[in-house]
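Trainee: Output the structure for:
(one chain, ligands or ions: 1)
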Amino acid sequence: MIKIRKRITVNVIMSKMATKIKKTKNILVTGGAGFVGHHFVEHVLKNTDWNVRVLDSLNYAGNLNRIYEIKEFDPKRVVFVWHDLRAPIRGATKKLIGDIDYCVHFAGESHVDRSIEDSIPFVLTNVLGTANLLEYIKRNQPGCKTLIFSTDEVFGTAGNEVQYNEDSPFRPSNPYAASKAGGEMIAFSFAHTFKLPISIVRSMNIVGTRQHPEKFVPKTIRAIFKNEKVIIHGRNKNDLSLRHWIPAKNVAAGLMFLLDKAEPGQFYSISGEERSVLDVANILSEAIKKRPLKSGEIKFVEYETARPGHDKRYSLSGEKMARMGWEPPTNIDSYLREIATWTIKNPHWLQD
Ligand SMILES: NC(=O)c1ccc[n+]([C@@H]2O[C@H](COP(=O)([O-])OP(=O)(O)OC[C@H]3O[C@@H](n4cnc5c(N)ncnc54)[C@H](O)[C@@H]3O)[C@@H](O)[C@H]2O)c1
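Mentor: Here you go, the predicted model:
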């Protein structure tokens with residue numbers, strides 16, 4: 001009799017432990033209604049059974065329809081938390097977020113041209129907003145593994161042969177980049193001072209579906225579609241802006257990899273493939289019109305006229321992630337073709 005009772009007790013304890021081990025993870029995605037954030041939410045919904053809390057203030061670039069359009073969207077798994085990170089997270093917002101195992105921080109002011117017009121919203125969201133999020137994590141969820149998403153633009157322009165890496169010095173050359181550098185340094189200081197599991201991840205020129213039409217790829221698709229001139233930064237075909245371009249799908253997969261592998265206080269780069277702005281425009285034109293752009297369809301605009309402080313080239317090494325065993329799931333040219341075809345079928349994403 002005593003033996004049976006003991007066995008039952010042991011079974012109950014074991015089943016409780018199993019439930020604990022099996023507990024579904026919760027992830028907080030700030031800026032999840034934005035372009036990059038929603039691609040990450042899609043990846044989480046497709047590849048895990050985690051619950052997602054999307055925290056977003058829905059500024060001009062935020063749009064919840066991005067999330068509702070995801071095939072795997074399930075209202076039982078996704079909770080939307082309206083909050084502006086320029087204010088601290090308190091009370092009801094805290095309750096809505098609940099316990100979290102992971103956080104990926106995308107919420108930010110993201111458009112360089114806007115930062116040149118007015119830097120203040122950039123400092124408030126990208127620096128103060130990051131500090132408010134990390135204060136919340138420090139006080140309420142200190143075990144939460146957190147990735148702060150940033151940009152290679154913190155290094156400024158890269159000379160022809162230069163490839164920046166995780167340890168390159170900061171030379172942000174526009175207010176957007178400077179505000180991202182500020183957010184990164186707040187994050188690093190929290191990892192160091194409070195021993196929190198926070199890492200910083202940089203990427204660059206991300207492309208994908210449902211991007212805000214003020215950005216280069218949707219703007220170019222729209223111009224090609226409407227038979228308008230495509231604006232290309234550069235003096236002519238031999239003097240063009242060079243960028244590393246990266247599919248949003250690769251960024252999402254890289255971040256998932258880092259949620260598992262990243263070390264606290266470390267920096268990581270999710271890198272892309274180098275193409276000129278004209279190469280990208282030609283790939284989009286080939287997908288839409290079955291031919292590259294003709295010279296009469298292009299309007300070259302000198303860098304400095306287009307944007308004061310314009311950086312001609314950015315370049316970021318992906319060696320550290322490669323050494324860790326990460327492989328990007330897709331390549332840029334085929335992904336650009338996919339974006340063009342999808343966008344032409346979904347033109348509502350080209351409207352301002
Ligand atoms: N797009 C790129 O190529 C790229 C490259 C490297 C890094 N990044 C970084 O990735 C992040 C997302 O970029 P994106 O292109 O998706 O930008 P986005 O503008 O499309 O999305 C930003 C999201 O953040 C939200 N947001 C803005 N201010 C907020 C605030 N104060 N509180 C809460 N939410 C706020 C917006 O509503 C929006 O949904 C940014 O931090 C950006 O710096 C982007």
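Trainee: For Thr157, the count of nearby residues, please.
Mentor: 16 (other CB atoms under 10 Å). All C-beta atoms are positioned from the backbone trio N, CA, C, and that covers glycine.
Trainee: pretty sure it is touching Ser173, no?
Mentor: Yes: assessed by CB atoms under 8 Å, Thr157 is found in contact with Ser173 at 6.3 Å.
Trainee: All the strands of the protein, residue numbers only.
Mentor: Assigned by DSSP state E, the strands in the chain fall at 26-30, 51-56, 78-82, 102-105, 145-151, 198-203, 206-207, 230-236, 239-240, 242-247, 267-269, 273-276, 298-301.
Trainee: Mind checking the pLDDT average for the second one?
Mentor: Average pLDDT, strand 51-56: 98.
Trainee: Show me what that strand is packed up against.
Mentor: If you count contacts as 3 or more CB pairs under 8 Å, 6 or more residues apart in numbering; DSSP states H and E, strand 51-56 packs onto strand 26-30, helix 35-47, strand 78-82, helix 91-97.
Trainee: Of the ones you listed, which is nearest the ligand?
Mentor: Of all the helices and strands packed on strand 51-56, it is helix 35-47 that lies closest to the ligand, at 3.6 Å by CB to the nearest ligand atom.
Trainee: And for that closest one, what's in contact with it?
Mentor: Contacts to helix 35-47, defined as CB atoms under 8 Å, 6 or more residues apart in numbering, come from residues 27, 29-32, 50, 52, 54, 56, 61, 66-67, 70, 72-74, 77-78, 104, 106-107, 110, 149, 206, 208, 210-212, 215, 248-249, 251-253, 255-256.
Trainee: And those residues, which of them are buried?
Mentor: 27, 29-32, 52, 54, 56, 61, 66-67, 70, 77-78, 104, 106-107, 110, 149, 206, 208, 210-212, 215, 248-249, 251-253, 255-256 (16 or more other CB atoms under 10 Å).
Trainee: For the ligand, tell me which of these show up nearby.
Mentor: When CB under 6 Å from any ligand atom is applied, the members of those adjacent to the ligand are Gly31, Asp56, Ala61, Phe106, Ala107, Ser110, Phe149, Ile206, His212.
Trainee: Grab the two from those that are most spread out in space.
Mentor: Pairwise distances across those peak at 17.5 Å for Asp56 and Ile206 (criterion: CB to CB).
Trainee: Just give me the neighbour total for Pro121.
Mentor: 17.
Trainee: mind listing what the residue in the stretch 201-350 of the chain that the ligand sits nearest to touches?
Mentor: Nearest residue of the stretch 201-350 of the chain to the ligand (CB to the nearest ligand atom) works out as Ile206 at 3.6 Å. Contact analysis of Ile206 by CB under 8 Å, 6+ apart lists Phe35, Val36, Trp245, Ile246, Pro247, Ala248, Val251.
Trainee: Could you single out the nearest of the ones next to the ligand among the buried ones among the contacts of helix 35-47 to Glu327?
Mentor: Glu327 lies nearest to Ile206 out of these, by CB to CB, at 17.8 Å.
Trainee: Tell me where the model's unsure across the stretch 201-350 of the chain.
Mentor: 303-312, 314 (pLDDT under 70).
Trainee: and it, which of its residues are near the ligand?
Mentor: Ser203, Met204, Asn205, Ile206, His212.
Trainee: now the residue of the stretch 201-350 of the chain closest to the ligand: how far from Ser271?
Mentor: Between Ile206 and Ser271 the computed distance is 11 Å (CB to CB, to the nearest Å).
Trainee: now Phe190
Mentor: Phe190 sits at a distance of 25 Å from Ser271 (criterion: CB to CB).
Trainee: The two: who's more crowded?
Mentor: Per other CB under 10 Å, whichever of Phe190 and Ser271 has more neighbours is Ser271, with 26 against 23.
Trainee: Surely the more buried one and Pro247 touch.
Mentor: No: checked against CB under 8 Å, the pair Ser271 and Pro247 is beyond contact range at 11.7 Å.
Trainee: Run through the helices of the protein in chain order.
Mentor: For the chain, the helices defined by DSSP state H cover 2-22, 35-47, 65-68, 91-97, 112-117, 120-122, 130-140, 175-194, 216-225, 248-261, 277-289, 303-306, 319-323, 332-345.
Trainee: possible to save those helices as a markdown table with distance to Gly234?
Mentor: Formatted as a markdown table, the helices of the chain follow (distance: least, CB to CB, whole Å):
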| stretch | distance to Gly234 |
| --- | --- |
| helix 2-22 | 55 |
| helix 35-47 | 25 |
| helix 65-68 | 31 |
| helix 91-97 | 45 |
| helix 112-117 | 17 |
| helix 120-122 | 26 |
| helix 130-140 | 34 |
| helix 175-194 | 20 |
| helix 216-225 | 13 |
| helix 248-261 | 25 |
| helix 277-289 | 7 |
| helix 303-306 | 7 |
| helix 319-323 | 28 |
| helix 332-345 | 19 |
